[in-house]
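> pasting the structure only:
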């Protein structure tokens, strides 16, 4: 079973079984790595903001860089109106990034490689953005489905397409992250399996592939966190600044 | 987008086949979905609250502090620069004034000295002229005196010579008249 590349994604219960109203809410390895990621984030931010120096040390610099990175991302895509949502997007970005990065460690578990996790995040964003849109603009928010400057003949078709694309947002957002993480980790596992099966003579080629893929996966881990956050910003922008 | 949709369809198709066999993708096994959702929401909520309440304000404070400090320092620097420039201007004005004063003093003292030299020169020239006149007078007096004494001497010499040659004494007044006559004739040769 160890050679099965999907083995790494199995969720196992750790500790006692917790059941509330007949629903299994046991603490699993997935939960463990969520907690580890959150603890690492909090530790990083704690150490990064502990000393208030004018000239920052390394950790403080990284914390401030991540702050300005996300702040710039939000102000560039969603403008100044999105400022109240900055903590949420920052938390989201850091959580996804650290889950991806912790998942890159050998023998660890990648939380974001599970569709249910990414889907819940994406659905939450989708519903929240829709609610924000309706609160800010009322029924005028429906005009998001009717782009301006479209010929009247095409308007019904375009509107249908817009509605479908709007509704497919949570699916695309969640599947993008989940599929990227799963595919990368599966590929790493497959090449790792090749190294073992080809032995000391032939295993060097897949090993070098593995090394290269690890670098690529670290890039993807960062990139997907960035894409997840920036798409959230774009959706938020649609809800806050209603124009096309 | 197309790629992801096709991937999703493929995944769904695979999962439909594999889920029943309980192999394949553990992601599509709904056994722990509720648990993952519960723990995700719990962990993320805690993370969100701690980040938004504690860490982001701290980092923001720190960034603002630094920005303010830099702004303040820059302002101070520009203020000092302005002050320095004003001082430089002041110095330049003072320097210019001093230069003017120096040239004025130089000019004035030169004038005074020139005048002084001129007046002294004039007085000295006058004195010299006076002295010259005095000397000339003396010389002319001396000349007159010398003429009369020469006449007397030459008169006595003449009377002596005549007395020695002829042994007779001549009338003094006639000798005197003769000497005077001769000297008047010849005096222009010597004077």
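Yes, it's here. Owing to the predicted nature of the structure, the values given are computational and were not obtained by experimental measurement. Residues are numbered from 1 along each chain as shown, chains lettered A, B, ... in the order given.
> Near the closest residue to residue B:55 other than its chain neighbours, how many other residues are there?
Leaving aside its chain neighbours, residue B:55 sits nearest to residue A:45 (3.9 Å; criterion: C-beta to C-beta, 6 or more residues apart in numbering or on different chains). Placement of C-beta: from N, CA and C, glycine included. As a burial measure, residue A:45 scores 25 neighbours (other C-beta atoms under 10 Å in any protein chain shown).
> Residue A:45 is in contact with residue B:51, isn't it?
Yes - look at residue A:45 against residue B:51 with C-beta atoms under 8 Å: they come within range, at 6.7 Å.
> Now do the shared contacts for these two.
residue A:94 (C-beta atoms under 8 Å, 6 or more residues apart in numbering or on different chains).
> Quick check: next helix or strand after the helix or strand where residue A:44 lies?
Taking DSSP states H and E as the criterion, residue A:44 maps to helix A:29-50. Going down the chain from helix A:29-50, the next helix or strand is helix A:58-78, by DSSP H and E.
> outside of that following helix, which residues touch it?
A:44-45, A:47-51, A:53, A:56, A:82-83, A:85-86, A:89-90, A:93-94, A:226, A:229-230, A:233-234, A:236-237, A:240-241, B:55-56, B:59-60, B:62-63.
> Just the buried ones among the residues you listed, please.
A:44-45, A:48-49, A:56, A:82, A:85-86, A:89-90, A:93-94, A:226, A:229-230, A:233, A:236-237, A:240, B:55-56, B:59, B:62 (16 or more other C-beta atoms under 10 Å in any protein chain shown).
> ok, now which ones touch residue A:111?
Taking C-beta under 8 Å, 6+ apart, we find residue A:111 in contact with A:30, A:33, A:34, A:37, A:99, A:102, A:103, A:117, B:40.
> Would you mind measuring from the fifth one to chain B?
Taking C-beta to the nearest C-beta, to the nearest Å as the measure, residue A:99 and chain B are separated by 10 Å.
> Model confidence for the closest residue to that residue other than its chain neighbours, exactly?
Sequence neighbours aside, residue A:111 is the residue nearest to residue A:99 in space, at 4.2 Å (criterion: C-beta to C-beta, 6+ apart). Per-residue pLDDT puts residue A:111 at 88.
> cool, and the one 10 residues further on?
The predicted local confidence for residue A:121 comes out at a pLDDT of 92.
> Give me the neighbour count for it.
Residue A:121 has 23 nearby residues by other C-beta under 10 Å.
> so who does residue A:230 touch?
So residue A:230 contacts A:73, A:77 (C-beta under 8 Å, 6+ apart).
> Summarise which helices and strands the longest helix anywhere in chain B is packed against.
Taking DSSP state H as the criterion, chain B has its longest helix at helix B:56-166. The elements that helix B:56-166 packs onto, with contact taken as 3 or more C-beta pairs under 8 Å, 6 or more residues apart in numbering or on different chains; DSSP states H and E, are helix A:29-50, helix A:58-78, helix A:86-103, helix B:172-190.
> between the contacts of residue A:111, which is nearest residue A:161?
residue A:117 (29.2 Å; C-beta to C-beta).
> I figured that closest one hits residue B:36, correct?
Yes - Residue A:117 lies in contact with residue B:36 (C-beta under 8 Å); the separation is 5.7 Å.
> Now do the SS call for the closest residue to residue A:118 other than its chain neighbours.
Nearest residue to residue A:118, sequence neighbours excluded (C-beta to C-beta, 6+ apart): residue A:174, at 3.9 Å. Put simply, residue A:174 is helix when judged by DSSP: H, G, I helix; E, B strand; the rest coil.
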